[in-house]
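In: Give me the fold of what follows.
(2 chains)
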There are 2 protein chains.
Amino acid sequence: MADGRTFRTEDRRKRARQNGVVQPLLTDLYQITMAYAYWKSGKINDTAVFDLYFRKNPFQGEFTIFAGLEECLKFFENFHYSDSDIEYLKQTLPQTIEPEFFVFLRQLTVEDVILSAIDEGSVAFPRIPLMRVEGPLIIVQLLETTMLTLVNYASLMATNAARYRLAAGKHISLLEFGLRRAQGPDGGLSASKYSYVGGFDGTSNVLAGKLYNIPVNGTHAHAYVTSFSDLSELKTKVLAHRSTGVLHDMLDLCTQWREKLAPLLSLPASEASDGELAAWISFAIAFPTGFMALVDTSGLLNFCAVAMALNDLDYRALGIRIDSGDLAYLSKLARSTFEKVAHQYNIPWFAKLKIVASNDINEDTILSLNEQGHKIDCFGIGTHLVTCQRQPALGGVYKMVEINGTPRIKLSQDVMKVTMPGKKTAYRLYGADGHALIDLLMRSVEPAPQVGQKVLCRHPFQESKRAYVIPTHVEPLYKVYWQNGKVCCHLPGLEEIREKVRTSLDSLRNDHKRNLNPTPYKVSVSDNLYHFIHELWLQNAPIGELS
Amino acid sequence: MADGRTFRTEDRRKRARQNGVVQPLLTDLYQITMAYAYWKSGKINDTAVFDLYFRKNPFQGEFTIFAGLEECLKFFENFHYSDSDIEYLKQTLPQTIEPEFFVFLRQLTVEDVILSAIDEGSVAFPRIPLMRVEGPLIIVQLLETTMLTLVNYASLMATNAARYRLAAGKHISLLEFGLRRAQGPDGGLSASKYSYVGGFDGTSNVLAGKLYNIPVNGTHAHAYVTSFSDLSELKTKVLAHRSTGVLHDMLDLCTQWREKLAPLLSLPASEASDGELAAWISFAIAFPTGFMALVDTSGLLNFCAVAMALNDLDYRALGIRIDSGDLAYLSKLARSTFEKVAHQYNIPWFAKLKIVASNDINEDTILSLNEQGHKIDCFGIGTHLVTCQRQPALGGVYKMVEINGTPRIKLSQDVMKVTMPGKKTAYRLYGADGHALIDLLMRSVEPAPQVGQKVLCRHPFQESKRAYVIPTHVEPLYKVYWQNGKVCCHLPGLEEIREKVRTSLDSLRNDHKRNLNPTPYKVSVSDNLYHFIHELWLQNAPIGELS
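Out: I've put the predicted structure just below:
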């Protein structure tokens, strides 16, 4: 799993077994009824090209991160209808279906499918297909729903995570804490995985840590504090000094420190809770190298007492998590408290204790906290991140653009819904400053644009919107990832995909990425494709009659 | 799976294997770090009681449907840390952890846990626990995240589905079409399952149909029509008469009907698409008993032609699906078209052809369509249903209320977040008209309220809000579902749960269920519990100092 230098088929197969739900029956019934109708109509040798794309960036933003490619390939590798699937379909579909169809279905594979895709982790834009799927009509049609399920949420989640990363800045840690609010168990796993891809630093979800090798984080909940009511409940009080190994009484040390720190911090020791202190002493004894406490407004004195006792024994506390109240104010109060102690006892690292905040945080909360000059080092983000509250679905679609070599266009009164016909390819053109300028969709028969050569980029529907571009760099967007029944291209590991998100976003100008009124990134078609679209449009649109 | 009369352990185990992700590592890391700290602090024999509840009904509504119980029991039945889990935890947790803890974890079971819950499918209200979990502190704490994950989305989804059912009325079919927009593959499966529980009639998700025995539905997508461009492409043209078996040329019949119907419907045959007609003829030949077509604005003539040709051969078409445009207008146009044909040829069933609508529908769309007098028989609902767009997470929580027999209260400046301490039970009290009047939370040591006897019901926090209730029926809300390491209560099947949703909602007055400004349902505590809460509150709240 670690190096990402091989195609890692075995790893994928193993994970596919762990997640048994991604199988060909995870689809809409109409894909199977269509398959039968195609089969029955003699379209068994027809071939088709489908594009998978979305029409609008999510979250009122101007970019999307493409994710879910590896999951699609895992699905391809394991694609087959089992005997029990066939049995179920026989019972479920009308009795008029010819039995030979089930024989056909039973032996169906994705061997003859060719999948081209942009790199997983790339920024992507409306209308530029994320993937192109070519092959026998029936099988290519059957892949639709499952691929959309695998790509829509993965891309939405990675995009959401990337937006939180942009809002928080590069130097803040971001942790995903959303499992309990996720949309089902696997929703939670996908959320953890694609948050990491989008730029988060870790998750609380242990299974995600195990399956995907993502850093896991967590300390304790309020219940842990609640489970202690006073100091007499402490059964274990001693902790060994880290270097000398000599045992010390933590209870004594902590109560002494509490008395000593109370005047310095102007926090009366009499108001500090003994149950809380007992809980933290026990937690510090259990995790002397990893002491982090969930601190209510009133807990700073107890926390500092335990952290200083640990310091006496040559351990460094990690910090606190705050989960309620005014996070900007509390973080500043906690920081100044730590600074006071650091200064008084000349322990510089104490001033830098980590402050984690985790109460119902969303992108806007982070932006507002930024304005208030918060002193938070790390955000733990749950519900809003994993459910993508601001827009809980990416509207990815999968449309036929060619059949038996003939282009197809789908017309609609809503111009957003008109499809780009034919087999196409796409390039990203870069400007002199190194930023991505424009994406250019072309017919796949056209020659690629060349560095330093003027290329005409057109709006797909508005005739007068055109621009000449002289690219300093031309990036072909697609690679063939699946051919001849196997993965045929290097598949990056999770770390590499995560890095791709970072570099790909870096290549985008800031005005496309800002939270408020971002500038749309330009998506264009070649002059050739422009005429191709509009000729087909005229051919297919009936001429109305006015009367 | 079918009869729901047994505890069906084997069935659950089988499904648990199919969905491998629900295992003890599907949790937040802090549960495991807390487990270690409890263990290390000598709290191995401590016992605790936790309540699982939510604080606010979702979707600005005043009720919630409880779901996810069976999934929790399945999780209990399969609860164990595997060798590879232990290996992963050893690598992941700090090296200071004592190895004996892992031995303890490896052999941990839920044998000593007692789970009480309200019936799956019941209406439920804020603060009244959905479940009460008692047992050894460590294991009861370890169950938190997974149980929340299993209950939160299931309940949210069932509630959302029930709201769609209320909006649509009892006589409209509701189909779940959301797989491609669901939050991950398992999110899609859960959505299908709990939509059905909440009152939907079926799903497009084939795997959900197979796993949960839910009716599956679907016809064809636009791509099917796109795959045909004219009548010459039809390779199979004949269909056997249903009764006589005599073969007929469907192409001839359909083109004749199209010519015949054009003047009746004032729809010029010249404007009807030949590709579309070819597609539908082939689809009708494949599904003569199940012909349903995805009809654009312009497709009514072709559809009627094929349906009448099928009628000639003694088959009945099912109807149409409309997926774009003004659904109210189009449904009325389609209905009047069907009525015209029915009347002209004296085929009464033709007037009743099914009209399915499926374009980005949400609860408000349905209410608005109702006002416009739509003629739709069935809604297919995707994105908004499965992602619960209006509120994508239920904020269920899991709080300690008792430890070693001593009650615990969690205080908060936000009164919504104060916990109800101690081990409790709850009753639903019914009024003379048969409707549920109020839920009453009591200490579990109190005697149950009696039919016909006056009982004082109090607001948990507002002293002056009290009411005497004389119930005509008293329903104890909890049953013990898990004890001595096994399911110990009849577990209803999906159909039974679905029926429970129906009857439970019926027992609620309409004003609690309406979409606009619903009346809150009353949730109360007994006088005894009221005093118990407030004494503990005073004991635990520090007295401030003014200076």
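
In: Could you use CA atoms for every contact and neighbour count after this?
Out: OK.

In: What segments of the stretch 351-500 of chain A are strands?
Out: If you assign secondary structure with DSSP state E, counting those that start in this stretch, the strands in the stretch 351-500 of chain A sit at A:354-357, A:378-381, A:397-403, A:406-407, A:424-430, A:436-443, A:455-458, A:466-469, A:473-476, A:479-483, A:486-487.

In: Rebuild these as JSON lines, extending it with distance to chain B and mean neighbour count.
Out: What follows is the strands of the stretch 351-500 of chain A, written out as JSON lines (distance: least, Cα to the nearest Cα, whole Å; neighbours: other Cα atoms under 10 Å in any protein chain shown):
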{"stretch": "strand A:354-357", "distance to chain B": "14", "mean neighbour count": "24"}
{"stretch": "strand A:378-381", "distance to chain B": "12", "mean neighbour count": "24"}
{"stretch": "strand A:397-403", "distance to chain B": "6", "mean neighbour count": "24"}
{"stretch": "strand A:406-407", "distance to chain B": "10", "mean neighbour count": "16"}
{"stretch": "strand A:424-430", "distance to chain B": "18", "mean neighbour count": "21"}
{"stretch": "strand A:436-443", "distance to chain B": "20", "mean neighbour count": "23"}
{"stretch": "strand A:455-458", "distance to chain B": "26", "mean neighbour count": "21"}
{"stretch": "strand A:466-469", "distance to chain B": "30", "mean neighbour count": "15"}
{"stretch": "strand A:473-476", "distance to chain B": "28", "mean neighbour count": "18"}
{"stretch": "strand A:479-483", "distance to chain B": "22", "mean neighbour count": "19"}
{"stretch": "strand A:486-487", "distance to chain B": "22", "mean neighbour count": "20"}
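
In: so can I have a markdown table of those strands showing mean pLDDT?
Out: A markdown table is the format used below for the strands of the stretch 351-500 of chain A (pLDDT from 0 to 100):
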| stretch | mean pLDDT |
| --- | --- |
| strand A:354-357 | 96 |
| strand A:378-381 | 96 |
| strand A:397-403 | 96 |
| strand A:406-407 | 94 |
| strand A:424-430 | 98 |
| strand A:436-443 | 98 |
| strand A:455-458 | 97 |
| strand A:466-469 | 95 |
| strand A:473-476 | 98 |
| strand A:479-483 | 98 |
| strand A:486-487 | 96 |
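
In: next one: the helix or strand containing A:Leu52 to chain centre, how far?
Out: Taking DSSP states H and E as the definition, A:Leu52 sits inside strand A:47-53. Using Cα atoms, centre = their mean, to the nearest Å, the mean C-alpha position of strand A:47-53 is found 24 Å from that of the whole chain.

In: How about the contacts made by A:Asn540?
Out: A:Ile409, A:Leu411 (Cα atoms under 8 Å, 6 or more residues apart in numbering or on different chains).

In: phi, psi of it?
Out: Per-residue torsions, A:Asn540: phi -90, psi -20 (degrees, to the nearest 10).

In: number of nearby residues for A:Glu446?
Out: Under the neighbour criterion other Cα atoms under 10 Å in any protein chain shown, A:Glu446 is assigned a count of 12.

In: go on, A:Asn302?
Out: A:Asn302 has 29 nearby residues by other Cα under 10 Å.

In: Same check on A:Gly209?
Out: When counting by other Cα under 10 Å, one arrives at 24 neighbours for A:Gly209.

In: buried ones in the helix or strand harbouring it?
Out: Per DSSP H and E: A:Gly209 is located in helix A:206-212. When burial is assessed from 16 or more other Cα atoms under 10 Å in any protein chain shown, helix A:206-212 yields the following buried residues: A:Val206, A:Leu207, A:Ala208, A:Gly209, A:Lys210, A:Tyr212.

In: what does it rub up against?
Out: Residues beyond helix A:206-212 that count as contacts (Cα under 8 Å, 6+ apart) turn out to be A:15, A:189, A:192-193, A:203, A:214-216, A:494, B:25-29, B:85, B:88.

In: shaky segments in chain A?
Out: Scanning chain A for pLDDT under 70 picks out A:1-21, A:544-547.

In: Show me how the record splits it into domains.
Out: Domain assignment of chain A by the TED database yields the ranges A:6-164+A:391-540, A:219-376.

In: mind giving me TSV with those domains and columns for distance to B:Ile322?
Out: Compiled in TSV, the domains of chain A are given as follows (distance: least, Cα to Cα, whole Å):
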stretch	distance to B:Ile322
domain A:6-164+A:391-540	14
domain A:219-376	37
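
In: Helices along the stretch 151-300 of chain A, start to end?
Out: When secondary structure is read from DSSP state H, counting those that start in this stretch, the stretch 151-300 of chain A shows helices at A:185-198, A:206-212, A:222-226, A:250-265, A:274-286, A:300-312.

In: if you compare those, which one is most tucked away?
Out: Ranked by average neighbour count under the criterion mean count of other Cα atoms under 10 Å in any protein chain shown, these are headed by helix A:185-198 at a mean of 29.

In: Does chain B have contacts with it?
Out: Yes. Helix A:185-198 lies in contact with chain B when judged by Cα under 8 Å from any Cα of the partner chain; the contacting residues are A:Pro185, A:Asp186, A:Gly187, A:Ser190.

In: right, and the second one touches B:Gly187 too?
Out: Yes. Counting by Cα atoms under 8 Å, B:Gly187 is a contact partner of A:Asp186 at 6.4 Å.

In: residue contacts, the nearest residue to A:Ser507 once chain neighbours are set aside?
Out: Here the nearest residue to A:Ser507 in space, its sequence neighbours aside, is A:His435; by Cα to Cα, 6 or more residues apart in numbering or on different chains that works out to 4.9 Å. With contact set as Cα under 8 Å, 6+ apart, A:His435 has these partners: A:Ser507, A:Leu508, A:Arg509.

In: Among those, which ones are in strands?
Out: Among the contacts of A:His435, no residue falls in strands (DSSP state E).

In: Can I get the buried part of the residues you listed as one PyMOL selection?
Out: Of the contacts of A:His435, the buried ones go into a single PyMOL selection, burial set by 16+ other Cα under 10 Å:
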select buried, chain A and resi 507+508+509
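
In: With respect to chain B, which of the contacts of A:His435 is nearest?
Out: Sorting these by distance to chain B puts A:Leu508 at the head of the list, at 27.5 Å, by Cα to the nearest Cα.

In: ok, the closest one to B:Lys90 distance?
Out: When Cα to Cα, to the nearest Å is applied, the distance between A:Leu508 and B:Lys90 equals 41 Å.

In: Also A:Lys410?
Out: Here A:Lys410 is placed at a distance of 56 Å from B:Lys90 (Cα to Cα).

In: And A:Arg258, by the same measure?
Out: Per Cα to Cα, A:Arg258 is found 34 Å from B:Lys90.

In: Check A:Ala393 too.
Out: Using Cα to Cα, A:Ala393 is found at 37 Å from B:Lys90.

In: So which of those two has more stuff around it?
Out: The residue with the greater number of neighbours, taking A:Ala393 and B:Lys90 and applying other Cα under 10 Å, is A:Ala393; the counts read 26 against 16.

In: residues contacting the closest residue to that one other than its chain neighbours?
Out: In space, and not counting its chain neighbours, A:Ala393 is closest to B:Arg181: 5.7 Å by Cα to Cα, 6+ apart. B:Arg181 sits next to A:Leu148, A:Thr149, A:Asn152, A:Tyr153, A:Ala393, A:Leu394, A:Gly395, B:Gly188, B:Gly382, B:Thr383, B:Val386, B:Thr387 when contact means Cα under 8 Å, 6+ apart.

In: Looking at these, which is nearest B:Cys72?
Out: Taking Cα to Cα as the measure, B:Cys72 lies nearest B:Gly188 of the contacts of B:Arg181, at 18.3 Å.

In: Would you mind confirming that that closest one makes contact with B:Phe177?
Out: No. Because the distance of 9.7 Å does not satisfy Cα under 8 Å, B:Gly188 is recorded as not touching B:Phe177.

In: circling back: need the strands of the stretch 351-500 of chain A in TSV with distance to A:Leu253, can you?
Out: Output for the strands of the stretch 351-500 of chain A, formatted as TSV (distance: least, Cα to Cα, whole Å):
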stretch	distance to A:Leu253
strand A:354-357	23
strand A:378-381	29
strand A:397-403	63
strand A:406-407	79
strand A:424-430	62
strand A:436-443	59
strand A:455-458	72
strand A:466-469	70
strand A:473-476	63
strand A:479-483	61
strand A:486-487	61
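
In: I am finished for the moment; much appreciated.
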